[in-house]
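here is my input, please return the structure:
(2 chains)
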Amino acid sequence: MFKEKVVIVSGCSKGIGLEICRQYLAEGAKVYGIARSSVPGELQSNPNFMWLQGSISDSGFVLDSIASIQARDKRIDILVNNAGINHDSLIQLMALEDWQKVLTTNLTGTFNLCQQVLPIFKAQQFGRIINMVSKSGVVGREGQINYATSKGAIIGMTRTIAREYGKDNILCNAVAPGLIETQMVDSAEQSIVAPIIDCTSVRRMGQCSEVARTVLHLTSDAPNYQNGEVIHLDGGFLI
Amino acid sequence: MSAAQTLLLVQAESEFDQAVVDHYLSANVNVILIAPSAEFQSQNVSLPSLSLAEIQAQGEPDVGQLLTEKGMLDNGQPLVVIQGVQCANEQALFTDASCLAQITMHLDNTFLIYQSLATFVKEVGANIVFPLYSDSLSYLGQAVNSVANHALNAFMKTLARELTSDTVFINSAVIPYLAKDEAERKKMRRALKRSVFGMRPTVFLQQEFIEFIAHFSHYNNMMTGQCMTMRPSTEISV
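Predicted coordinates for the structure are as follows:
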C-alpha cells in the first residue's frame, strides 16, 4: 500500500516510532528515521531505511535533512512527528530548564519538521502529517505541566495546519495514545500502572503495533476525510 | 461581585484585557497587573504591577510575598486570577520565523508566573480563569492562536490537577462570538444567521462575557479543571 512512498518518522529508535518504521517498511515504503541515539540493526540493515542522526530541535539539522531527502527522492509523502521527551515534576519543583527542554524538543521540534515539509507538500498537492500527542495534552496530568502544555500546543498546531493546508490535499491529524506497553512503562512501578489499566475498559495496555497501525491507516492513499482530529487510542480510558 | 476583592491580571496585553480592567475598576476591585506588556502598562500607569523581572529576581519565587512587601495586598480579600488574552497572530506561524519564538517565550513566562503564584494561591485560595479563543472563530476571519490556546488549556488542566483544593479552582472560558456594542452585535448576528453555526447563533456583548467571568470567579466553589463554553460550536476545538 505504501510502495514508493517517502516517509519521515522522528523518534524512530524505540517504542512506538520503531514500530511505525517497521510497519511502513513492511508495506514497501522508503523510510527516513530521525533519532539522536542509535537505531536497531534491523532498521539499519533494511535497504529502504535511512537513519538521519540528529535532534529535531536543531533547525539547521532539520533544514539540511529535508533538503537532502528532497534532492534524493524528489518528493516526501508522509511525516510522522513521533519524537518527544518528558521531564516530570510538579510545577512548584520544576526547573525552568526542564520546562524549556520539553517544549523545545516536543513543540519546536515538531514545528521545525512541519515548517520544512509543508512547502514540499503544497507543491505536490499531497501530504500527510501525523503528530503524536498524548492524553496528557488533552486532559492534563499531575507532574507533567511541561509535557502536557507541549502536547496541547501540538494539538493546536495540528488544527492550524489542517485549517490552512487542507485545501492543498494536506491532511494533518494527531494521535493521542493512552498507556502503551513500551520500555518506559515496563520500568514504571506497578502501583502506578495498575490503576490506569483498571480504568481502561479493555483492561490492558495498548501495543505499539496498534498505534502504528492507526498511523498507517490515517496516512494511506485510501479516501480519508479526517483532518485536524485528535484520535484517542486509549482502550476506552475513563469512559 | 464584592468590592472587597483582589484581581491579579496576568500577562495583560489585549483590548479584551483592558475591558476586564475597566470592569473590575468600576466595581472598586483592587486590580494588580502581573507581568503586563509594556504597552498595556503604559496605558494603566496608575495600577500597581509586578514585572517578570521582579518575580524572577526572588530566590524562592513567591508572588504573595512580593505583593505583601510592596503593600499591594489587602489580606483577607478573596483572590481572583485572570489570564490575559494573547494577541500573537498565528496565521504567519510557518512563514514568520519569530511567530513560534514569541509563543514559546510567552509560555515560558506563563510557567514562571504560575510557578511563583502556586504557593500563594494554595495559601489564600483563588479562582483562576483562562479566557481562550475558540478555533471556530477563524471562520469569521479572526486570528485564533490555536497553538497558544490549546497549550494554555492543557496547562490549565494540569495546573488544576496539581493545585486544586477546597479553596483553589482553575478553569478556562472559551470566548464566544463577541461584539463591543449593539451595532456590532447586530452586524455579526446578520452575518452568522443560518450559518454552519446554527439558525440564530448568539452574539454576546464583550461586557456581558466579562460580567459572566467576574460573577463565576467570585461565586464558583466547585468547578475546576474545566473548559467552559458559552454556546454550541464555540468549544475550543469544534
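
and the longest strand seen in chain A, what other elements does it pack with?
For chain A, the strand with the greatest residue count under DSSP state E is strand A:170-177. Other helices and strands packing on strand A:170-177, by 3 or more Cβ pairs under 8 Å, 6 or more residues apart in numbering or on different chains; DSSP states H and E, are helix A:109-124, strand A:127-132, helix A:135-139, helix A:145-165, helix A:208-219, strand A:230-233. (Each C-beta comes from the backbone N, C-alpha and C, glycine too.)

highest mean neighbour count out of these?
Comparing the helices and strands packed on strand A:170-177 by mean neighbour count (mean count of other Cβ atoms under 10 Å in any protein chain shown), helix A:145-165 comes out on top with a mean of 27.

for it, what is the average pLDDT?
Taken as a whole, helix A:145-165 has a mean pLDDT of 96.

got the angle between that helix and strand A:170-177?
Using axes from the mean of the first three to the mean of the last three Cα atoms, to 10 degrees, one finds that helix A:145-165 and strand A:170-177 are set 160 degrees apart in direction.

just say helix, strand or coil for B:Glu13.
coil (DSSP: H, G, I helix; E, B strand; the rest coil).

put the alpha carbons of the longest strand of chain A into PDB.
This file holds the C-alpha atoms of strand A:170-177, laid out as PDB (Å, rounded to 0.1, in the frame of the first residue of the first chain):
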ATOM      1  CA  ILE A 170      -2.600  18.000   3.000                       C
ATOM      2  CA  LEU A 171      -4.200  16.200   5.900                       C
ATOM      3  CA  CYS A 172      -2.900  16.600   9.400                       C
ATOM      4  CA  ASN A 173      -4.100  14.600  12.400                       C
ATOM      5  CA  ALA A 174      -2.900  13.900  15.900                       C
ATOM      6  CA  VAL A 175      -2.900  10.600  17.700                       C
ATOM      7  CA  ALA A 176      -3.200  10.600  21.500                       C
ATOM      8  CA  PRO A 177      -2.100   7.200  22.900                       C
END
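
mean confidence (pLDDT) on it, please.
Here strand A:170-177 scores 97 as its mean pLDDT.

tell me the angle of it relative to helix A:109-124?
In terms of direction (the same axes, to 10 degrees), strand A:170-177 departs from helix A:109-124 by 150 degrees.

I'd like the next helix or strand past strand A:170-177.
Next along the chain after strand A:170-177, taking DSSP states H and E as the criterion, comes helix A:183-186.

which of the helices and strands in chain A ranks last by mean pLDDT?
Every helix and strand in chain A was compared by mean pLDDT, DSSP states H and E; the lowest is helix A:183-186, with a mean of 78.

neighbouring contacts of that helix?
With Cβ atoms under 8 Å, 6 or more residues apart in numbering or on different chains as the test, helix A:183-186 has contacts from A:14-15, A:179, A:193, A:205.

contacts only, for the residue located most distally from the centre of chain A.
In chain A, A:Gln92 marks the outermost C-alpha relative to the chain mean, sitting 28.9 Å out by Cα atoms, centre = their mean. For A:Gln92, the contact set (Cβ under 8 Å, 6+ apart) comprises B:115, B:118-119.

ok so, going back, quick one, which of the helices and strands packed on strand A:170-177 is nearest to B:Glu39?
B:Glu39 sits nearest to helix A:145-165 of all the helices and strands packed on strand A:170-177, at 24.9 Å, using Cβ to Cβ.

list the helices and strands that closest one packs on?
For helix A:145-165, the packing partners by 3+ Cβ pairs under 8 Å, 6+ apart come out as helix A:96-103, helix A:109-124, strand A:127-132, helix A:135-139, strand A:170-177, helix B:97-124, helix B:146-163.

can I get those in a markdown table including distance to B:Asp22?
Listed next are the helices and strands packed on helix A:145-165 as a markdown table, based on distance: least, Cβ to Cβ, whole Å:
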| stretch | distance to B:Asp22 |
| --- | --- |
| helix A:96-103 | 33 |
| helix A:109-124 | 36 |
| strand A:127-132 | 40 |
| helix A:135-139 | 35 |
| strand A:170-177 | 39 |
| helix B:97-124 | 22 |
| helix B:146-163 | 23 |
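
let's see the pLDDT reported for the nearest residue to B:Asn127 once chain neighbours are set aside.
Distances taken as Cβ to Cβ, 6 or more residues apart in numbering or on different chains put B:Ser217 closest to B:Asn127, at 4.0 Å, once the chain neighbours are dropped. For B:Ser217, the model assigns a pLDDT of 96.

with the one 5 residues further on instead?
You'll see B:Met222 listed with a pLDDT of 96.

specify the local secondary structure of it.
Going by three-state DSSP: B:Met222 is coil.

ok, it - contacts?
B:Phe169.

can you list the buried residues in the lowest-mean-pLDDT helix or strand in chain B?
Ranked by mean pLDDT, DSSP H and E, the weakest helix or strand in chain B is helix B:63-69, scoring a mean of 88. For helix B:63-69, the neighbour count (16 or more other Cβ atoms under 10 Å in any protein chain shown) marks B:63-64, B:66-67 as buried.

anything in that helix near chain A?
No: legend: contact between helix B:63-69 and chain A by Cβ under 8 Å from any Cβ of the partner chain is lacking; minimum distance shown is 12.4 Å.

give the other helices and strands that the next helix or strand after that helix contacts.
Next along the chain after helix B:63-69, taking DSSP H and E as the criterion, comes strand B:79-83. Applying 3+ Cβ pairs under 8 Å, 6+ apart, we find strand B:79-83 packed against strand B:6-10, helix B:97-124, strand B:126-133, helix B:206-219.

from the contacts of A:Gln92, which single one is nearest A:Ser209?
After measuring the contacts of A:Gln92 against A:Ser209 - Cβ to Cβ - the closest member comes out as B:Gln115, at 39.3 Å.

what residues does chain B put near chain A?
Counting by Cβ under 8 Å from any Cβ, chain B sits next to chain A at B:90-91, B:93-94, B:100, B:103-104, B:107-108, B:111-112, B:114-115, B:118-119, B:135, B:138, B:145-163, B:225, B:237.

can you give me the angle the longest strand of chain A makes with helix A:208-219?
Inter-element angle recorded for strand A:170-177 and helix A:208-219: 160 degrees (by the same axes, to 10 degrees).

got any ranges where the chain has weak pLDDT?
Here I'm looking at chain A. Counting by pLDDT under 70, chain A contains no low-confidence range.

looking at chain B here, not the other one
Ranges of chain B meeting pLDDT under 70: B:1-3, B:87, B:238.

what separation do you get for the residue nearest the centre of it and B:Asp17?
Centroid-nearest residue in chain B, with Cα atoms, centre = their mean: B:Gln83, separated by 2.8 Å. To B:Asp17, B:Gln83 is 9 Å away according to Cβ to Cβ, to the nearest Å.
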